[in-house]
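1. next input, structure requested:
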Amino acid sequence: MAAATKADVRTLDRLAGRQRGLATSCQLQAAGLARSTIRRRCEPGGPWQWVLPRVTLMQTGAPDPYQRVLAAVLYAAEPASDPLSGTTAVVTGEAALSLYRVRGTGSGTVDVLLDEARRMRDVAYVRIRRTRRHPPSLLLEGVPCVRRPRAAADFVARETCQDRVRAILANTVQAGRCDPRDLLTELRAGHALRGAPLRAVADELLVGVRSIEEGRTRDVLRAGGVPEALWNPTLLTPDGTFLAVPDAYWPDEGVALEVDSEEFHLGATEYRATLRRRLKLEAQGVEVVSVAPALVRDHPDEVVAAVLAKLRLGAGRRAPIAVVVRA
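-> Numbering: from 1, shown residues only. Alright, predicted model coming up:
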C-alpha cells in the first residue's frame, strides 16, 4: 500500500479481517484514504472493486455468498454506526434462513431490515424492508441476522408460493433451535396469519408436522376420515431406551406411519436404517405403514384404506404395546 495515501495500514487490515474484506467509503476515508484513491483502486483492472454503492471489496474476483450478504448490510447501515452491531441494519427473510442453512433457501435476494423512519432505496440484489419492530440480532458467519423465527416470518410476508411457505417453515423448525410456538408468535406479530392457508400451516407445525411431505400426508388422512395422529413423537421402550421417531403414531392402536421420501433413501445405508427402525418398532408390537410421497399424491385412497385397516386391527388386539410415548 502506498505511503502517500497516509492510510493507517493496520486499521485497514483489521477492517478487512473483521468485515470479510469489505468496507464502506466512510470507513476507508476514516482510515486515511482519499476519495480519489478509493476510486482509482476500484477502477477496472485495479486491486479493489465496488460491489454496491459506497461498498468496496478489497480483493479481485467475485464476492462469495457471505460477502454478498454482508455487503448488503454495509450498504444499508447508518454510516456512523458499527454495521456489525445490527442496530441500524440487519439481514432477514430468506437470506437469513440461508445463513442458518435451512434447506430449500437461497434466492439471491437479500432482505435488510431498517427502522421505519429511514429512507433508502433497493439496489441490485438488496431489498430494503422497513419495520416498527426492529428485532434483536446475532452475528452469524460474521453477518448480523435476525433470529430464526423473525427471519421465517419475514420470509412468509413476501413469498407468494404456498408450497414454498409450507416447506420452508417446516424446514426451519426441523433444522432445530426454532420452537414452533416462537414462530407462531412472530407470524402473529407480523399479521401473517390472516389467511386460512397459512393458519393451516401454523397448525401443522404446532401438532408436530416437520416436512411438506408430512403436511400433505396429514391433509390426505384428515380428508379420508382418519383420526388425528401424534406427529413425530419420540417412542421409547418401557425401560426408557430410545426406539424411534415415526412420522405419525396412533398410541391407542399402536400404529406408526412412515413417509419414506425417496430423496433421503437413495443409498443402501439409508435403506438399511429404515428397515432396522421398522423391525425395532414391530418387535415392540407396533404395526408400521410405510408410504412414499408419490403414493400419497397419486393414490391417496389406497393410503387411507391401509391406515384405517391397521387402526382397526390395532383396536381389536389384546397383546400389549411395549412402547412409551415421550411428550
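
2. when you work out contacts or count neighbours from here on, use the C-alpha atoms and nothing else.
-> Noted.

3. ok, the residue nearest to Pro320 when sequence neighbours are not counted - contacts?
-> Counting by C-alpha to C-alpha, 6 or more residues apart in numbering, Gly285 is the residue found nearest to Pro320 once chain neighbours are left out, at 7.3 Å. Going by C-alpha atoms under 8 Å, 6 or more residues apart in numbering, Gly285 touches 254, 319-322.

4. list buried residues within the residues you listed.
-> Buried members of those, counted by 16 or more other C-alpha atoms under 10 Å: 254, 321-322.

5. those helices in this structure, which residues are they?
-> 9-18, 25-30, 35-41, 65-76, 93-99, 148-158, 162-174, 180-189, 196-207, 212-223, 268-283, 293-298, 300-316 (DSSP state H).

6. as TSV, these with distance to Met58 would be great.
-> Shown next, in TSV, are the helices of the chain (distance: least, C-alpha to C-alpha, whole Å):
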stretch	distance to Met58
helix 9-18	7
helix 25-30	11
helix 35-41	9
helix 65-76	11
helix 93-99	23
helix 148-158	29
helix 162-174	34
helix 180-189	38
helix 196-207	44
helix 212-223	42
helix 268-283	45
helix 293-298	48
helix 300-316	57
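
7. go through the ones you listed and pick out the most buried.
-> Mean neighbour count (mean count of other C-alpha atoms under 10 Å) peaks for helix 93-99 among the helices of the chain, with a mean of 25.

8. ranges for the strands of the stretch 1-150 of the chain?
-> 22-24, 49-52, 55-57, 90-92, 110-115, 126-131, 137-140, 143-146 (DSSP state E, counting those that start in this stretch).

9. mind giving me the packing neighbours of the lowest-mean-pLDDT helix or strand in the chain?
-> Least confident helix or strand, the chain: helix 268-283 with a mean of 83, by mean pLDDT, DSSP states H and E. If contacts are counted by 3 or more C-alpha pairs under 8 Å, 6 or more residues apart in numbering; DSSP states H and E, helix 268-283 sits against strand 242-244, strand 287-291.

10. out of the helices of the chain, which is closest to Thr241?
-> Smallest distance to Thr241 across these (C-alpha to C-alpha): 11.5 Å, for helix 268-283.

11. just the CA coordinates of the closest one, formatted as PDB?
-> Taking C-alpha atoms only, helix 268-283 is exported to PDB below (Å, rounded to 0.1, in the frame of the first residue of the first chain):
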ATOM      1  CA  ALA A 268     -28.100 -48.700   0.900                       C
ATOM      2  CA  THR A 269     -27.100 -47.300   4.300                       C
ATOM      3  CA  GLU A 270     -30.300 -45.200   4.500                       C
ATOM      4  CA  TYR A 271     -32.400 -48.100   3.300                       C
ATOM      5  CA  ARG A 272     -31.000 -50.500   5.900                       C
ATOM      6  CA  ALA A 273     -31.600 -47.800   8.600                       C
ATOM      7  CA  THR A 274     -35.200 -47.600   7.600                       C
ATOM      8  CA  LEU A 275     -35.700 -51.300   7.700                       C
ATOM      9  CA  ARG A 276     -34.000 -51.600  11.000                       C
ATOM     10  CA  ARG A 277     -36.200 -48.900  12.500                       C
ATOM     11  CA  ARG A 278     -39.200 -50.700  11.300                       C
ATOM     12  CA  LEU A 279     -38.000 -54.000  12.800                       C
ATOM     13  CA  LYS A 280     -37.400 -52.400  16.200                       C
ATOM     14  CA  LEU A 281     -40.900 -50.900  16.200                       C
ATOM     15  CA  GLU A 282     -42.600 -54.200  15.200                       C
ATOM     16  CA  ALA A 283     -40.600 -56.000  17.800                       C
END
